[in-house]
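S.K.: Quick one: sequence plus predicted model below, questions after.
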Amino acid sequence: MDEKPFKSLLEKTVNELLNEFGQGNPIPGSGTAAAFHGLVSAQLIQTFIHLTCKEKYRPEYDEWIPEFQRIKSEIENRVYPELKKLFNEDSEQFKKYITLCKQNGKEDGEAMKQLATVTEIPLTIAKLCCELAHFAAYVSKYGFKPAKGDAAVALNSSIASIASCLSIVDLNLSEFGCTDWTIKVRQDAVELRNAYKKLHEGSLKFMEDLRRRRAKNH
């Protein structure tokens with residue numbers, strides 16, 4: 001019997017998707033979950049920018065509106081569409097990998113080639129979420145103060161996605177020997193890990209600043 005064609009995860013309701021994550025199946029996979037974090041972060045940044053621009057009659061935000069609009073355009077036209085594609089593609093490609101492993105074994109050349117594809121997807125998700133984290137950090141610094149909760153969630157969700165994707169990449173790389181491809185992927189992972197550390201430190205500082213502001217007001 002032929003396998004059923006892969007159904008786009010974006011066609012499912014949120015409740016259906018959450019249920020699938022808890023069914024004990026290999027898909028939707030962890031990369032898909034990381035991409036989902038990125039998609040939520042992107043939308044929260046867009047909301048934060050919208051709220052800031054809506055308040056542009058306040059002189060304190062005028063200076064930052066052009067950069068906010070540039071970030072908005074980057075998310076709408078490039079980052080978000082790419083994450084949507086990867087959100088589906090991670091599970092679709094991982095399903096192909098599992099099928100090849102069942103048919104030919106894990107050591108099969110085609111299976112290992114597919115694992116390389118599966119590894120590159122979370123790496124790309126991490127890079128996109130790194131961009132989102134930088135966007136969130138920037139807008140949270142200069143944007144509409146009463147809505148900083150949205151920016152904070154976007155920032156921390158993006159950072160969590162980076163860490164998650166790096167874990168997936170490291171796990172998958174353990175299946176490979178040393179090749180030009182693995183060297184390149186490891187170099188990318190090192191750069192992302194360094195960016196993650198700086199972003200995480202910035203997030204902790206942001207949280208502490210919010211706590212101090214609350215304490216000062218009370």
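M.R.: Happy to help now that I have it. Residues are numbered from 1 along each chain as shown.
S.K.: When you work out contacts or count neighbours from here on, use the C-alpha atoms and nothing else.
M.R.: Noted.
S.K.: Just the residues contacting stretch 32-48, thanks.
M.R.: Contacts to stretch 32-48, defined as Cα atoms under 8 Å, 6 or more residues apart in numbering, come from residues 72, 75, 80, 83-84, 86-88, 90-91, 122, 125, 128-129, 132, 135-136, 139, 143-144, 147-148, 150-151, 153-155, 157-158, 160-162, 164-165.
S.K.: what about Asp209, how many residues close to it?
M.R.: 12 (other Cα atoms under 10 Å).
S.K.: mind listing what Leu83 touches?
M.R.: Taking Cα under 8 Å, 6+ apart, we find Leu83 in contact with 35, 38-39, 125, 128.
S.K.: Switch these over to TSV; also include neighbour count.
M.R.: Shown next, in TSV, are those (neighbours: other Cα atoms under 10 Å):
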residue	neighbour count
Ala35	32
Gly38	32
Leu39	24
Ile125	29
Leu128	23
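S.K.: Nearest to Gln114 among those?
M.R.: Nearest to Gln114 among those is Ile125, at 17.3 Å by Cα to Cα.
S.K.: so the closest one makes contact with Ala163?
M.R.: No. Contact status for Ile125 versus Ala163: not in contact, 10.8 Å apart, counting by Cα atoms under 8 Å.
S.K.: pLDDT-wise, which helix or strand of this structure ranks last?
M.R.: Counting by mean pLDDT, DSSP states H and E, the chain has its least confident helix or strand at helix 59-62, which shows a mean of 79.
S.K.: Find the residue closest to Thr182 in space, skipping its chain neighbours.
M.R.: Residue nearest to Thr182 in three dimensions, not counting chain neighbours: Leu173, with 7.1 Å by Cα to Cα, 6 or more residues apart in numbering.
S.K.: how near is that neighbour to Arg70?
M.R.: 36 Å (Cα to Cα, to the nearest Å).
S.K.: Please say which of these two ends up with more neighbours.
M.R.: Leu173 (18 against 11).
S.K.: Give me the longest helix you can find in this structure.
M.R.: With secondary structure taken from DSSP state H, the chain has its longest helix at helix 180-217.
S.K.: For that helix, name the packing helices and strands.
M.R.: The contact analysis (3 or more Cα pairs under 8 Å, 6 or more residues apart in numbering; DSSP states H and E) places helix 180-217 against helix 109-142, helix 148-173.
S.K.: Let's have those in JSON lines, adding mean pLDDT.
M.R.: Compiled in JSON lines, the helices and strands packed on helix 180-217 are given as follows (pLDDT from 0 to 100):
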{"stretch": "helix 109-142", "mean pLDDT": "95"}
{"stretch": "helix 148-173", "mean pLDDT": "95"}
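S.K.: who wins for proximity to Trp181 among those?
M.R.: Nearest to Trp181 among those is helix 109-142; the distance by Cα to Cα comes to 8.8 Å.
S.K.: Now the closest one: buried residues?
M.R.: 111-112, 114-116, 118-140, 142 (16 or more other Cα atoms under 10 Å).
S.K.: follow-up on the earlier one: Throw the helices and strands packed on helix 180-217 into a markdown table and include distance to Leu17, thanks.
M.R.: Formatted as a markdown table, those follow (distance: least, Cα to Cα, whole Å):
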| stretch | distance to Leu17 |
| --- | --- |
| helix 109-142 | 19 |
| helix 148-173 | 18 |
